[in-house]
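In: Model the structure of this input:
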Amino acid sequence: MTDQKPPAPPLISPYVFPVLLAGFGLWCLYDGWFTTNPKMLEPFNQWFNRIASGVLLTWSVVDFIRTHKRDKAEQAEQTARNQEPTDHD
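Out: Modelled structure (predicted):
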């Protein structure tokens, strides 16, 4: 029998999670601060959406910055590895 490795899972962008967080945060921001829907103006719904928008938007910004720094570090490491001289005797 041949030793075959299972196929790698499909790759997605590391920025998908921060974008989803920002999307949900913007949704909560709209429902908490700008909507005229009477159901969303009830105190529990309004405060939940206001707090959730602050948490989700902050989390998305922090995660985006962290992902961007990690991505730049990986690119710099890859560039440094590609530029190393090779010893061929």
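In: burial count for Ala52?
Out: 17 (other CB atoms under 10 Å). From N, CA and C alone the C-beta is placed, and that goes for glycine too.
In: Check the one 4 residues further on too.
Out: For Leu56, the tally of surrounding residues (other CB under 10 Å) stands at 20.
In: Now tell me what touches stretch 40-48 from outside.
Out: Stretch 40-48 is contacted from outside by 28, 31-32, 35, 39, 49, using CB atoms under 8 Å, 6 or more residues apart in numbering.
In: With stretch 15-24 instead?
Out: Contacts of stretch 15-24 (CB under 8 Å, 6+ apart): 52, 56-57, 59-61, 63-64, 67.
In: hmm, 10 Å instead?
Out: 13, 29, 52-53, 55-68, 71 (CB atoms under 10 Å, 6 or more residues apart in numbering).
In: just the buried members of those?
Out: 29, 52-53, 56-57, 59-60, 63-64, 67 (16 or more other CB atoms under 10 Å).
In: mind listing which of the residues you listed are in helices?
Out: Counting by DSSP state H, the buried ones among the contacts of stretch 15-24 place 29, 52-53, 56-57, 59-60, 63-64, 67 in helices.
In: before we move on, the earlier item: find the pair from the contacts of stretch 40-48 with maximum spatial separation.
Out: Cys28 and Lys39 (14.6 Å; CB to CB).
In: can you give me the offset of the strand or helix carrying Gln75 from its chain's centre?
Out: Applying DSSP states H and E as the criterion places Gln75 in helix 43-83. Relative to its chain's centre, helix 43-83 lies at 5 Å (CA atoms, centre = their mean, to the nearest Å).
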